Each structure stands twice: as C-alpha cells, then as structure tokens.
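Trainee: Give the three-dimensional model of this entry:
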Amino acid sequence: MDRRLTEESAMLRAIPWQRLALTALTLASVAVLLSTLGAPEMTGG
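Mentor: Numbers count the residues shown, from 1 in each chain. As a prediction, this is how the structure comes out:
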C-alpha cells in the first residue's frame, strides 16, 4: 500500500498536470481566437 502511494506521488511529481492543463487551455484559447479572427496564414487558407 505504501509503495503504491509512493509510486503515485512520484508520477505526479514527474508529470506537471497543472502545467499541462494550463498549456491545453492556452492552446485552445489561441485556436478559438485564430478561428474567430480567420487568420489565413495559420489555417492554410
């Protein structure tokens, strides 16, 4: 039981979930803004 908790905590430390979530939200916001503004150089149009 203790070993499992240690492994889980080690995984959480190795992978910054908060940073990943923040990056995903930022990319989503940028994608929405680009699609709304209709940037042709970014959408390949």
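
Trainee: what about Ser29, neighbour count?
Mentor: When neighbours are defined as other C-beta atoms under 10 Å, Ser29 has 10 of them. Just so you know, the C-beta spots here come from the backbone N, C-alpha and C atoms, and that holds for glycine as well.

Trainee: State the distance from it to Thr36.
Mentor: 11 Å (C-beta to C-beta, to the nearest Å).

Trainee: And for Asp2?
Mentor: 51 Å.

Trainee: Repeat that for Val30.
Mentor: Distance from Val30 to Thr36, by C-beta to C-beta: 11 Å.

Trainee: Over to Thr23. Which of the three states is it?
Mentor: With DSSP: H, G, I helix; E, B strand; the rest coil as the basis, Thr23 sits in helix.

Trainee: List the buried residues of the helix or strand where Leu20 lies.
Mentor: Element membership for Leu20 (DSSP states H and E) is helix 17-37. Neighbour counts over helix 17-37 (16 or more other C-beta atoms under 10 Å) mark no residue as buried.

Trainee: Give the other helices and strands that that helix contacts.
Mentor: Helix 17-37 is packed against helix 40-43, with contacts defined by 3 or more C-beta pairs under 8 Å, 6 or more residues apart in numbering; DSSP states H and E.

Trainee: per-residue confidence averaged over the helix it packs on?
Mentor: What helix 40-43 shows for mean pLDDT is 60.

Trainee: what residue ranges in this structure score low on pLDDT?
Mentor: Within the chain, the stretches with pLDDT under 70 are 1, 11-12, 14, 39-45.

Trainee: ok, now which ones touch the residue nearest the centre of the chain?
Mentor: Against the mean C-alpha coordinate of the chain, by C-alpha atoms, centre = their mean, the closest residue is Ala24 at 2.8 Å. Counting by C-beta atoms under 8 Å, 6 or more residues apart in numbering, Ala24 makes contact with nothing.

Trainee: From Trp17, how far off is it?
Mentor: For Ala24, the distance to Trp17 - C-beta to C-beta - is 10 Å.
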